[in-house]
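Undergrad: My questions are about this predicted structure, shown below with the sequence.
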Amino acid sequence: MLFVEPRFLPFFLVAFGIYWLARGQDTRKAWLLICSYAFYAAWDYRFLSLIFVSTAVDFCVGLGLARTDNPAQRKRLVITSLAVNLGILGVFKYFDFFAGSLAELLGLLGVPVNRTTLEIVLPLGISFYTFQTLSYSLDLYRRRIEVCRKPLDFALFVAFFPQLVAGPIVRAGNFLPQLQRRAELRDVQIRSCLVLFFVGFFKKACISDNLSPYVDAYFASPGAFDAPSGALAVVLYSIQIYCDFSGYSDMAIACAGLLGFHIPKNFDFPYFATDIAGFWRRWHISLSSWMRDYVYIPLGGNRYGALLTSRNLFLTMVISGLWHGAAWNFVVWGCFHGAGIILHRALPTGTTNPSFAVRGMKWLGTYAFVLVGWVLFRSADLATSGQILADVLFLSGGGGAHLHSGLWLLPAGLAGLHALARRGAGRRAFVSLPPAVFALVYGAAFGIAITLANASYQPFIYFQF
């Protein structure tokens, strides 16, 4: 079920209405859990079993960690959590990739081998909820949070439907305490949530989905297009993936907010970053912070000198790339960004108050770097990535097809809107309208958005991860 599908509206209205009408807090939580499982089952009910396994294992691991101070026992418990969560992820997401890569390597070495694949459908959101449950066990092991002793609370933490299938990745320390209090509808900032949902809907349905045909056409056959069309397609993809994923995050945060829950933001205008490290502090914040806390810092962080710090940064970004997909182009994408962050750290910091021209050059260089990365990310394989980069960078694209040059006006216009949105004045003015005027304007805006939306809704890009 997609947030932009017509069937989501009645689903959410029923979930919202019964939730706020229920008196008891446990009744509310039970209702949300039922809704969350129904939301996931609308895609494929069979894979609910994986969520049940992750939930049961980490809940029991948590109880075990709370009962013992024995270091060996605690280590065995957290290793159990790691083995189960990463094992599930490995089988369903990475088995075919590693098995295929090994078979190809052995073939190059002259060793005949029969390639074995499972060909299993990737369960929706598996990378998100496994990281979420795993962080709970790790935080308990480090004694950073209190154990959850209520199965209902923990199950809802894992399966909460607004962010279940594509994040943001929520930490137990943030979410579980919210289940202890009984929220009141009068405390919910309904207008702000509605505006945020509209912004997310517009990004996804009106911008990302409408760009999809152009981007898909180019990346399906880049050799058929000329070089300017290649450059345009890459820029359009940068807009598509941002509007798609940040749009999902906006709608997820808004839906959670309407139910009285706070979920931290996942994007902070990443394309305004003036260095690659800043980009990663603004893009997919919940994953970046997860990788920092559970991969980079345990590897040693920046505690053991420049060389090991660079190693830790590089390995963290490689793992981040592999998290995104079981293919070599994602691994190379992670290596590319890891090298970029290391290079950024090695360069002089410059003045604390650079001129407008210097900031502009730094922004342009950062955005160009990100665009090269998006080619690796979006292409079907590394060979296609190489072809696209050669065509665009060396103006060697010889195909006769082209994308309409008028599409270049879209990035310029959206950049202006993005800059205005960063100031937030329009949103604040919208929220502060009188109730009747707000309802009228909101209804009209949504009506216009629906007419602009692509008739065939596209799955969210990050569903594949």
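TA: In hand now; what should we look at?

Undergrad: quick one: contacts for the residue of the chain positioned farthest from its centre?
TA: Relative to the mean C-alpha coordinate of the chain, counting by C-alpha atoms, centre = their mean, the farthest residue is Gly110 (40.3 Å). Gly110 is in contact with no residue at all, counting by C-beta atoms under 8 Å, 6 or more residues apart in numbering. Backbone N, C-alpha and C define where each C-beta goes, glycine included.

Undergrad: And the pLDDT for it?
TA: At Gly110, the predicted lDDT confidence score is 71.

Undergrad: Tell me the secondary structure of the closest residue in space to Leu179 that isn't next to it in sequence, please.
TA: Spatially, and ignoring its direct neighbours in sequence, Leu179 is nearest to Asp153 (4.8 Å; C-beta to C-beta, 6 or more residues apart in numbering). For Asp153, the secondary-structure state derived from DSSP: H, G, I helix; E, B strand; the rest coil is helix.

Undergrad: Could you tell me which helix of the protein is the longest one?
TA: Taking residue count as the measure and DSSP state H as the definition, the longest helix of the chain comes out as helix 227-258.

Undergrad: And the next helix or strand past the worst-scoring helix or strand of the chain on mean pLDDT?
TA: When the helices and strands of the chain are compared on mean pLDDT, DSSP states H and E, helix 95-108 comes out lowest with a mean of 72. The C-terminal neighbour of helix 95-108 among helices and strands, as given by DSSP states H and E, is helix 126-141.

Undergrad: now the helices: where do they sit in the stretch 151-300 of the chain?
TA: In the stretch 151-300 of the chain, helices defined by DSSP state H, counting those that start in this stretch lie at 151-159, 172-175, 190-201, 209-220, 227-258, 276-282, 285-291, 297-299, listed in chain order.

Undergrad: Show me what the fifth one is packed against.
TA: Based on contacts counted as 3 or more C-beta pairs under 8 Å, 6 or more residues apart in numbering; DSSP states H and E, the elements that helix 227-258 packs against are helix 190-201, helix 209-220, helix 356-378, helix 382-393, helix 409-423.

Undergrad: now the fourth one
TA: Counting contacts by 3+ C-beta pairs under 8 Å, 6+ apart, the secondary-structure elements packed against helix 209-220 are helix 227-258.

Undergrad: how big is the angle separating the longest helix of the chain from helix 209-220?
TA: Orientation note: helix 227-258 sits at an angle of 140 degrees relative to helix 209-220 (axes from the mean of the first three to the mean of the last three C-alpha atoms, to 10 degrees).

Undergrad: could we number from 49 for the rest of this?
TA: Sure thing, new numbering starts at 49, so read that last one as helix 275-306.

Undergrad: roughly how far is helix 275-306 from the heart of the chain?
TA: Helix 275-306 has its average C-alpha position 11 Å from the chain's average C-alpha position, going by C-alpha atoms, centre = their mean, to the nearest Å.
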